[in-house]
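1. structure for this input, please:
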Amino acid sequence: MLHISAKLRAFALLLAIAPAALAGTPVTPGELASLLARGHEQRPLVLDVRTPEEYAAGHVPGAILIPHDQLAMRLDALGRDRPIVVYCRTGRRSGLAETLLRQHGHEVSQLQGSWQAWQAAGLEFQTSPQQDASP
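-> Here you go, the predicted model:
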């Protein structure tokens, strides 16, 4: 009986944390491209946390740039009215950004495979000099 009780407690704990775990489910490049094709009010905020030079060389269409080392100081620039999809080149910096954003109450997911996966998928991208992007 004790064995079954422990399994039930573990299952109940899993159910309690499942919604939080799903909130951070990575978004594939194809899924993000589909989301960006929707009306503006239904699109997530796409946040590029790379350097200005990386951003200028190519970024997801409509992405705003806040380098990961500036994000903590610029959290107020991000509204809470829509979810955020964050990316960098490989996922390391966006992982740090995701943690920070989540700690400050943002609904956030990472772009699965980050910028490298977006490029590998052959999806449209923009190039432009870095501007002080804001959402």
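
2. for the closest residue to Glu107 other than its chain neighbours, list the residues it contacts.
-> Excluding the flanking residues, the one nearest Glu107 by C-beta to C-beta, 6 or more residues apart in numbering is Pro83, at 4.3 Å. No exception for glycine: its C-beta is placed from N, CA and C like everyone else's. For Pro83, the contact set (C-beta atoms under 8 Å, 6 or more residues apart in numbering) comprises 44-45, 106-109.

3. phi and psi next, for Pro83.
-> Note on Pro83: backbone dihedrals following degrees, to the nearest 10 are phi -70, psi 160.

4. where's it relative to Val49, distance?
-> 16 Å (C-beta to C-beta, to the nearest Å).

5. try His104
-> 14 Å.

6. which stretches in this structure count as helices?
-> Taking DSSP state H as the criterion, the chain carries its helices at 2-23, 29-36, 52-57, 92-103, 114-120.

7. number of residues surrounding Glu107?
-> By the criterion of other C-beta atoms under 10 Å, Glu107 has 14 neighbours.

8. these two touch, right, it and Asp81?
-> No: assessed by C-beta atoms under 8 Å, Glu107 is found out of contact with Asp81, at 10.2 Å.
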